[in-house]
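Enquirer: Starting from these lines, generate the structure:
(one chain, ligands or ions: 3)
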Amino acid sequence: MIQTKGYAASSPTSPLQPYTFERRDPKPDDVVIEIAYSGICHSDIHTARSEWGPAAYPCVPGHEIVGIVKAVGKKVKKFKVGDFAGVGCFVDSCGKCGSCKTHEEQFCANHTVFTYNSLELDNKTPTQGGYSSHIVVKEKYVLKIKKGQPLERIAPLLCAGITTYSPLKRYGIKKGHKVGVVGLGGLGHMAVKLAKSMGAEVTIFSTSPNKEADAKKLGAKHFVISKDPANFEKLAGKFDFILDTVSAKHDFTPYLNSLKLDGTMVLVGAAPEPSEVSAFALIFGRKKLTGSLIGGIKETQEMLDYCAKKKVYSDIELIPASEINTAYERTIKGQVKYRFVIDAKTF
Ligand code: NAP
Ligand code: ZN
Ligand code: ZN
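Expert: Ligands and ions are numbered 1, 2, ... in the order given. Take a look at the predicted model:
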């Protein structure tokens, strides 16, 4: 077994604390990764605090993982010792269902094994995430990362990157499109960079007036304070596409009203509480309200290769493990710029 140091939550209300546990010895198709950096996603906070339903404790969060391959099982072909590797939000799936066969393992009909707070396919071994020194993952679920890139700025691509890339790609965002991004946090800042890189004109909707200069630097053309209803009046029918990354309950109606005829609003933000939607906001203008969940392995690799080519990386604050709890508080207050990343040397 591989002795692993990490940080875990032991209850919904306790701060994360140092925690030592074991990873399995590599099976023939496994890759052993020494983690270098691990991003902090708001989903980690929702889960560690049981906001989405009861979590299993101890819980080691983290699904934005990059590191260096330390060992490989004897059947592994894609990776060798010393390679850069990434792990995102899931680490296994049935491999046989329609979703798995069409490279959408996140929607596996039988069992998507999420990176933490989940069970392995044996239905009894708990998974533990990236706030840790090592991880052992089946080769098929490990991403390749080209050398010569800033590894710490790539970690957030494994969740924030793919979650925003996937819907932008699916809805064919390109030059000439007006795209709105709601919430300028981890996902939001990647959405701005990616939508801009695809040629779109981007507007940020934010509750934080002090983020305007950053929004423009990240590539947004317009910045709208979402707290003032008057700001939406002149935006009716303006947007082709709106990506909502907000982590807490809020009203979708002003955004639906801002869509063009046949426009689409995609929810990726996963507020624990439900929101009400008026049928009228959808009927008039034939608007579409839909959701999106991360992306499959094939699309995640495509996104990593795209970001490498376009040099699109996350803006990060690198922290030692001892600052995870402070980082959680700042993330909840919307004060992250724009993703906390843990230096795994400090576990
Ligand atoms: P984050 O860094 O905390 O960003 C969320 C942003 O939402 C904040 O920075 C803030 O931006 C805005 N916001 C927060 N509270 C708000 C409120 N009450 N009303 C309006 N706006 C508010 O979080 P994240 O890591 O980007 O994650 C965002 C959400 O996406 C979380 O719910 C997370 O679980 C979910 N998620 C979903 C997927 C998926 O596959 N669908 C993947 C990853 C994460 P402003 O200061 O600009 O207003
Ligand atoms: Zn995430
Ligand atoms: Zn499956």
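
Enquirer: Show me what from this structure comes close to ligand 2.
Expert: 41, 43, 159 (Cβ under 5 Å from the ion). For the C-beta atoms, the positions are set from N, CA and C on the backbone; glycine is no exception.

Enquirer: How about the contacts made by the last one?
Expert: So the one you mean is residue 159. By Cβ atoms under 8 Å, 6 or more residues apart in numbering, the residues touching residue 159 are 39, 41, 43, 63, 64, 88, 89, 294.

Enquirer: among the residues you listed, which ones are buried?
Expert: 39, 41, 43, 63, 64, 88, 89, 294 (16 or more other Cβ atoms under 10 Å).

Enquirer: just to revisit the earlier point, looking at the contacts of residue 159, spot the one nearest residue 288.
Expert: residue 294 (20.2 Å; Cβ to Cβ).

Enquirer: ok, so what distance separates that closest one from residue 20?
Expert: Separation of residue 294 from residue 20 (Cβ to Cβ, to the nearest Å) stands at 29 Å.

Enquirer: Would you map the strands across the stretch 101-250 of the chain?
Expert: Remark: strands assigned in the stretch 101-250 of the chain by DSSP state E, counting those that start in this stretch are 113-114, 134-138, 143-145, 178-182, 201-206, 222-225, 239-244.

Enquirer: Of these, give the one that comes closest to residue 303.
Expert: If we rank these by Cβ to Cβ, the stretch that ends up nearest is strand 143-145, at 9.2 Å.

Enquirer: List the contacts of the closest one.
Expert: Against strand 143-145 from outside (Cβ under 8 Å, 6+ apart): 66, 78-79, 83-88, 151, 154, 158, 297, 300-301, 304, 308.

Enquirer: Can you pull the residues of this protein lying near ligand 3?
Expert: Counting by Cβ under 5 Å from the ion, the chain sits next to ligand 3 at 93, 94, 97, 100, 108, 110.

Enquirer: Now the buried members of these.
Expert: 93, 94, 97, 100, 108.

Enquirer: Would you mind listing the two of the residues you listed that lie farthest apart?
Expert: Maximum distance among these (Cβ to Cβ): 8.0 Å, for 93 and 97.

Enquirer: joint contacts of the two?
Expert: In contact with both residue 93 and residue 97: 108, 110, using Cβ under 8 Å, 6+ apart.

Enquirer: Report pLDDT for the closest residue to ligand 2 within the stretch 101-250 of the chain.
Expert: Ligand 2 sits closest to residue 159 of the stretch 101-250 of the chain, with a gap of 3.2 Å, by Cβ to the ion. In this model, residue 159 is scored at 99, pLDDT.

Enquirer: so what's residue 338 closest to, chain neighbours aside?
Expert: residue 189 (3.7 Å; Cβ to Cβ, 6 or more residues apart in numbering).

Enquirer: Oops, could you answer that again for residue 77 instead?
Expert: Nearest to residue 77 is residue 139, by Cβ to Cβ, 6+ apart, at 7.4 Å.
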